[in-house]
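**Student:** Coordinates for the following, if possible.
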Amino acid sequence: MSDANHARRTAVYLLDQVLGEGRLLAECYASGALEKLAPEGRARAQRLAVETLRSLERADRILKKHLKKTPPLMVMNVLRLGTVELCSGGAAHGVVNAMVAIVSKHRHHGQLKGLVNAVLRKVAEEGPAEWAKLRIPRLPNWLRKPLVQAWGAEAVLGMEAAHYAGAPLDITGKPGVDVQALGGVPLPTGSLRISGAGQVSALPGYQAGDWWVQDAAAALPALILNAQPGEQALDLCAAPGGKTMQMAAAGASVTAVDASESRVARLRENLERTGLEAGLVVGDALEQTGQYDAVLLDAPCSATGTIRRHPDLPQAKDGSEFGALIELQAQMLAHAWTLVKPGGRLMYCTCSLLPDEGECQVEEALDMFPDMAADRDALKVPGVEADWITEEGGLRLRPDYWPERGGMDGFYMALLRKTA
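**Tutor:** Below you'll find the model as predicted:
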């Protein structure tokens with residue numbers, strides 16, 4: 001099997017895992033799904049899987065007219081992958097032959113290679129013209145319905161357009177480092193946005209630790225918390241460490257906590273590359289003690305704000321875990337408040353589009369703790385629109401914001417100050 005076809009076969013395996021087993025792509029990568037591929041093959045397999053998941057609705061609509069009944073999942077995923085490649089400019093002969101070869105070597109479904117050949121040949125003839133007429137893919141109903149209730153149908157259409165477009169590369173530079181050599185466009189919030197970046201580790205300044213990858217929305221919580229030199233700062237649920245590095249670069253003495261040993265190892269690698277220092281703790285956020293000037297809690301959440309970079313999420317999940325996450329967030333927020341010194345501050349944030357994981361959590365916390373107040377003025381940083389600031393005093397970011405700049409992750413954050 002050629003390197004290109006090996007990458008395609010791996011992409012099909014990734015689709016099988018997401019759509020059949022409910023696994024996220026990150027879990028598949030961590031378990032070694034890409035280990036046997038060269039770096040170029042890994043990048044290709046990831047790109048093919050992500051593009052197919054992003055275009056799943058379109059691929060299924062085109063295939064529906066050519067299938068009398070749905071074939072086994074693995075074969076369906078081969079057809080989906082082939083359809084996305086063919087409708088995105090892939091050479092018909094090479095794509096069709098590759099997909100037929102993948103199915104023909106499968107021990108259970110090899111007899112369906114004729115079906116794959118016939119269907120994809122029809123798709124090669126008719127698919128590209130049909131593709132251009134199809135609507136932007138919609139979110140699954142389990143997620144789309146609550147988002148429409150929260151933000152309205154027009155806003156959700158804008159989010160779906162942002163999801164389908166994907167995400168450019170945003171970076172945060174160390175203070176005093178000129179990252180303009182990378183090209184890209186400076187964003188008003190301070191991040192640098194790069195389109196078509198290619199291999200991240202090959203970009204100027206990466207090995208020197210001059211910057212790190214961090215979506216513009218994800219960079220705002222630490223920016224707003226504004227940890228100062230000499231302050232004791234705590235980053236709960238810290239890995240992979242973008243916010244830890246921001247606070248360390250600002251001169252604060254940072255303790256970073258995460259429950260996952262492997263994720264803390266990744267955080268340590270990022271600190272070493274950037275030459276920044278923080279105390280690292282593998283542990284449960286709910287078991288931490290001490291008193292800090294500044295606490296940042298990026299609570300575990302549905303991650304629904306990151307779909308433009310992770311189109312596997314709405315396909316692998318069904319929302320059944322939301323209740324447990326919301327309860328955990330409330331517990332973590334309450335415990336984090338006990339770690340804030342009098343006169344100190346807590347940044348609560350989630351990369352979620354659901355108000356239950358953001359606005360509602362802070363509203364309830366403000367009712368619960370008489371010594372807690374939301375600092376609206378701190379949210380007024382360059383690039384933040386006034387109508388993004390919410391009724392209870394938080395900041396709501398959505399993928400449909402900044403459409404002319406390429407969007408941003410969905411995020412919620414609130415800076416909460418403790419009475420002195």
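
**Student:** which residues in this structure form strands?
**Tutor:** In the chain, the segments counted as strands under DSSP state E are 169-173, 185-186, 192-194, 211-213, 232-236, 253-258, 279-282, 292-298, 340-350, 372-374, 395-397, 411-418.

**Student:** Give me whichever of those is most buried.
**Tutor:** strand 232-236 (a mean of 27; mean count of other Cβ atoms under 10 Å). No exception for glycine: its C-beta is placed from N, CA and C like everyone else's.

**Student:** Give me the helices and strands touching that strand, please.
**Tutor:** helix 242-249, strand 253-258, strand 292-298 (3 or more Cβ pairs under 8 Å, 6 or more residues apart in numbering; DSSP states H and E).

**Student:** a markdown table for the ones you listed, including mean pLDDT?
**Tutor:** Listed next are those as a markdown table, based on pLDDT from 0 to 100:
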| stretch | mean pLDDT |
| --- | --- |
| helix 242-249 | 98 |
| strand 253-258 | 98 |
| strand 292-298 | 98 |
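
**Student:** In the chain, which residue is most central in space?
**Tutor:** residue 306 (3.3 Å; Cα atoms, centre = their mean).

**Student:** Who are the contact partners of it?
**Tutor:** 215, 313, 351, 409, 410 (Cβ atoms under 8 Å, 6 or more residues apart in numbering).

**Student:** If we use 7 Å, what do you get?
**Tutor:** Residues near residue 306 by Cβ atoms under 7 Å, 6 or more residues apart in numbering: 351, 409.

**Student:** My read is that residue 136 contacts residue 162, right?
**Tutor:** No: assessed by Cβ atoms under 7 Å, residue 136 is found out of contact with residue 162, at 9.7 Å.

**Student:** For the two, work out which one has more neighbours and name it.
**Tutor:** residue 162 (24 against 15; other Cβ atoms under 10 Å).

**Student:** There's contact between that one and residue 400 in this structure, I believe.
**Tutor:** Yes: using Cβ under 7 Å, residue 162 makes contact with residue 400 at a distance of 5.5 Å.

**Student:** Just tell me which of the helices and strands packed on strand 232-236 ends up closest to residue 157.
**Tutor:** Between residue 157 and the helices and strands packed on strand 232-236, the tightest spacing by Cβ to Cβ is seen for strand 292-298, at 28.1 Å.

**Student:** how far away is residue 47 from residue 215?
**Tutor:** 19 Å (Cβ to Cβ, to the nearest Å).

**Student:** more crowded one of those two?
**Tutor:** residue 215 (27 against 12).

**Student:** ok so, going back, now list whatever residues contact both of residue 162 and residue 400.
**Tutor:** residue 407.
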